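Trainee: Fold the following, please.
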Amino acid sequence: MFRKLLVFLVVLGTVGAGAAPAVGSSGLRTVRTCADLVRTFDVPDARTRVTSATVVSGDQEFCDVRGTIEPAIGFQLKLPLRGYQGRYLQYGCGGFCGAIGDPAFPSGCGPAFGDAAVAATDDGHQAPPENPFDTTWAASNQKARDDYFFRAPHALSKVSKHIIAAFYGRPPVKSYFSGCSNGGREGLLLAQRYPRDFDGIVAAAPGAYYTALIGYQAWIARNTIPNDKIFLLHNAVMTACDGNDGLVDGQIEDPRLCRFDPGTLAGQLTDDEIARVRRLYAGPSDHGVRLYPGGQPYGSEISWTFWLNPSEGFGRGIAAELADNGLKHLVHPIGKPGSSLEEFEFTTRAFRRLVPETVKANSLSLDLRAFARAGGKLILWHGAGDQGIPFEGTLDYWQRLTGGRNPSYARLFVVPSMWHCDGGDTLTGFDPFRALVSWVEGGQAPSKIIAEGRDQNGTVVRTRPVYPYPLRARYTGSGSIDDAANFVAAPGFGFDDRIRWAGEDLYRSGPVAP
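Mentor: Below you'll find the model as predicted:
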């Protein structure tokens, strides 16, 4: 403990007026000011040109570094000018990426602002602002595809650590990664393929099954029902299933407990709408062979209004945009015939056509021994009401990875009723980053993490403990059901999490080559 404290005290310091520490022990030529970072860095396999480095003043004063990693990976790195404690946090990139999400300084992991440098990347391509779903960059550019599929997050980690060492005089003491959706896929991929890049990883709602995920988006996009029917359906589902977990609280603890039959809404839904809803809950299949390990969860219906149906800012609906753009330009090998949302066939043959290209993007290795040996810690989490990436797939991966046990290096948390990455009927936010830092730096695995529910004004109206899966929260019987203090850990519901489906050969039991 004394040695760990000493290391942090060595890197702790105040940097004023854009000036960096003058002396370093990393072997790199250190810089004297923020502006001195504008130059080329010859990082192995990631040559980088910093195009701008400017001091941003205010309560959060930092050096704002921007540049390009060859060939075209854009990035932003923020270096605190005071309070830095040797931590580095890198964010994942969602969807098809194509833009740099402004990396936020974390709150609560240390004593004050600035204890961590933060960075993000566009994954190697730039999408037009008016079309975040654009994939034309991938139509004939294999390097751009590979940067998006696997290289960009790893390259940024190398470059950021190199620049941090040049600026502060030494590389980060601890490095962290946090991402959701495609960013969650990146988090798992980093643990599997580049196990020494990060000490701690948060992988949320990971799109690990990339081979099947674009086809799944096509499936749900072609089985939509009108929004007014969606609200009708949701109310019926909640009436039938809210209390199945033992507590009527406006949320469904585990959608697999629900046995609601859409046929009970005959006369209010048409026969075609009932059939579509049944297909949505079941997920795609070909003559009984599942083409994705999951389906739309009961209780998630309200989120279909923008994921499945057209809405402002999301064109035809998020699922349709992801499916059509992915099938046209990204998931088939370059030079092979593509497809489209309208043309894609839900068959095992069409599924296998996607494997040669998308296997590079999957994060399905079941071998995390190198990550564990390096001391890495992984927090996986998924919303049980996720309408974009069904939580059942993450449970299937976890079962295959761990046999249902909690290994020394990883924990899984399932947040009741939460939609994709955030939002939901009741619980709307879950942030395990502070727990991850405590685990990495203090050695104590998280025994629970509190989820929050906020109203439209941002006011917290519900808190609920989330325990490592398969444990669940059980109401004590007294006090407010909106207060986490009135819940305790209880055994899970005993479901068999392993799913038989068409892509079972995609799991890798051995190490994944860089």
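
Trainee: I figured Ser417 was touching Thr428, is that so?
Mentor: No. Using C-beta atoms under 8 Å, Ser417 is not in contact with Thr428; the gap is 9.3 Å. All C-beta spots, glycine's among them, are computed from the backbone N, C-alpha and C.

Trainee: intersection of neighbour lists for those two?
Mentor: Common neighbours of Ser417 and Thr428 are not found (criterion: C-beta atoms under 8 Å, 6 or more residues apart in numbering).

Trainee: the more surrounded of these two?
Mentor: Using other C-beta atoms under 10 Å as the criterion, Ser417 and Thr428 rank with Ser417 on top: 29 against 22.

Trainee: Identify the residue spatially nearest to the more buried one, adjacent ones excluded.
Mentor: Among residues not flanking Ser417 along the chain, Gln251 sits closest, at 3.7 Å (C-beta to C-beta, 6 or more residues apart in numbering).

Trainee: Looking at this structure, which helix is longest?
Mentor: If you go by DSSP state H, the chain has its longest helix at helix 152-168.

Trainee: Kindly provide the distance from the residue nearest to Ser417 to Leu341.
Mentor: To Leu341, Gln251 is 32 Å away according to C-beta to C-beta, to the nearest Å.

Trainee: more neighbours, these two?
Mentor: In this view Gln251 and Leu341 are compared by other C-beta under 10 Å, and Gln251 has more residues nearby, 24 against 21.

Trainee: domains of this protein?
Mentor: As assigned by automatic domain parsing, the chain contains the domains 7-172, 182-514.

Trainee: quick one: Tyr88 is in a helix?
Mentor: No. Using DSSP: H, G, I helix; E, B strand; the rest coil, the assignment for Tyr88 is strand, not a helix.

Trainee: Could you tell me how many residues sit around it?
Mentor: Tyr88: 24 surrounding residues under other C-beta under 10 Å.

Trainee: surely it meets Arg170?
Mentor: No. Assessed by C-beta under 8 Å, Tyr88 is found out of contact with Arg170, at 11.6 Å.

Trainee: Helix, strand or coil: sort out Ser119 for me.
Mentor: Let me fix one detail, which is that residue 119 is Ala and not Ser. For Ala119, the secondary structure call by three-state DSSP comes out as strand.

Trainee: same deal with Gly263?
Mentor: Assignment for Gly263 (three-state DSSP): helix.

Trainee: Name all residues that make contact with it.
Mentor: By C-beta under 8 Å, 6+ apart, the neighbours of Gly263 are Ile274.

Trainee: Verify the contact between Thr121 and Gly92 for me.
Mentor: No. The criterion here is C-beta under 8 Å, and Thr121 misses it with Gly92 at 9.1 Å.

Trainee: Give me the common contacts of the two.
Mentor: Both Thr121 and Gly92 are in contact with Pro153, where contact means C-beta under 8 Å, 6+ apart.

Trainee: So which residues of the stretch 351-500 of the chain form helices?
Mentor: 369-373, 391-402, 433-442 (DSSP state H, counting those that start in this stretch).

Trainee: Pull the shortest one out as PDB, backbone CA atoms only.
Mentor: Think helix 369-373. Taking Å, rounded to 0.1, in the frame of the first residue of the first chain, the C-alpha atoms of helix 369-373 are listed here in PDB:
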ATOM      1  CA  ARG A 369      -6.400 -15.500 -19.100                       C
ATOM      2  CA  ALA A 370      -3.900 -12.900 -20.300                       C
ATOM      3  CA  PHE A 371      -6.100 -10.000 -19.100                       C
ATOM      4  CA  ALA A 372      -6.500 -11.700 -15.700                       C
ATOM      5  CA  ARG A 373      -2.700 -12.400 -15.400                       C
END
